[in-house]
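from the sequence below, what's the structure:
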Amino acid sequence: MLILIWQKFSVHKISTIDNIPPVVMKGGDPYIRALMRTISTSEALDSNPYTLLYGGKHFSDFNRHPNQCITIVSGPHKGECSTAAGRYQLLTITWQEKVKKYHHKFSNSVSITPESFEPQIQDQVVYAWLKDHHAWGVDIAVLLKQGKLNQVL
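Numbering: from 1, shown residues only. The predicted structure follows:
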């Protein structure tokens with residue numbers, strides 16, 4: 001199967017699902033980074049996952065979460081609205097909550113505003129959230145290192 005991936009704002013063709021798009025964020029725990037790629041594979045396997053809206057369309061303004069209400073067409077929430085966007089398909093309310101909680105952890109390394117939805121910010125917020133053992137009640141990185149993927153998932 002031929003898959004297109006997005007890397008550094010350009011499109012590349014790949015031939016296997018093993019070569020999913022790398023996260024834009026540099027550094028960090030490799031186990032958490034691998035989990036981020038795993039999450040985005042099920043949520044936004046696309047040539048440009050950072051600009052993906054629920055339903056498959058794309059947005060172009062990274063100044064803030066796009067907050068576009070898109071009607072869900074199937075499943076238990078059919079007819080309801082989804083604002084899911086970006087590599088991790090975060091809802092507007094979730095994004096606002098998580099960026100407010102975690103942006104201080106990296107704001108010195110990147111020039112951001114609390115509203116920014118830039119690819120690096122998407123990665124950094126999700127990374128900080130996954131590393132927050134208080135949020136999950138467990139240390140996800142430790143579980144991954146112990147091979148307890150099913151428990152993490």
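
which helix in this protein has the most residues?
Ordering each helix of the chain by length in residues (DSSP state H) puts helix 30-44 first.

for that helix, packing partners?
Helices and strands touching helix 30-44, as assessed by 3 or more C-beta pairs under 8 Å, 6 or more residues apart in numbering; DSSP states H and E, comprise helix 119-131, helix 140-145. For every residue, glycine as well, the C-beta is placed using N, CA and C.

just the buried positions in that helix, please.
For helix 30-44, a neighbour-count test (16 or more other C-beta atoms under 10 Å) marks 31, 32, 33, 35, 36, 39, 40, 43, 44 as buried.

geometric centre of the chain: which residue is closest?
residue 88 (2.6 Å; C-alpha atoms, centre = their mean).

so that residue is in contact with residue 38, correct?
No - using C-beta atoms under 8 Å, residue 88 is not in contact with residue 38; the gap is 10.9 Å.

and residue 117, how many residues sit next to it?
Neighbour count of residue 117, defined by other C-beta atoms under 10 Å: 25.

pull the contacting residues for it.
62, 63, 64, 65, 66, 85, 86, 95 (C-beta atoms under 8 Å, 6 or more residues apart in numbering).

which one of the residues you listed is nearest residue 27?
Comparing the contacts of residue 117 against residue 27 with C-beta to C-beta places residue 86 closest, at 20.1 Å.

if I look at that closest one, how far off is residue 36?
12 Å (C-beta to C-beta, to the nearest Å).

and for residue 144?
As judged by C-beta to C-beta, residue 144 and residue 36 stand 11 Å apart.

please apply the same query to residue 120.
Distance, residue 120 to residue 36, by C-beta to C-beta: 12 Å.

sweet, I'm off.
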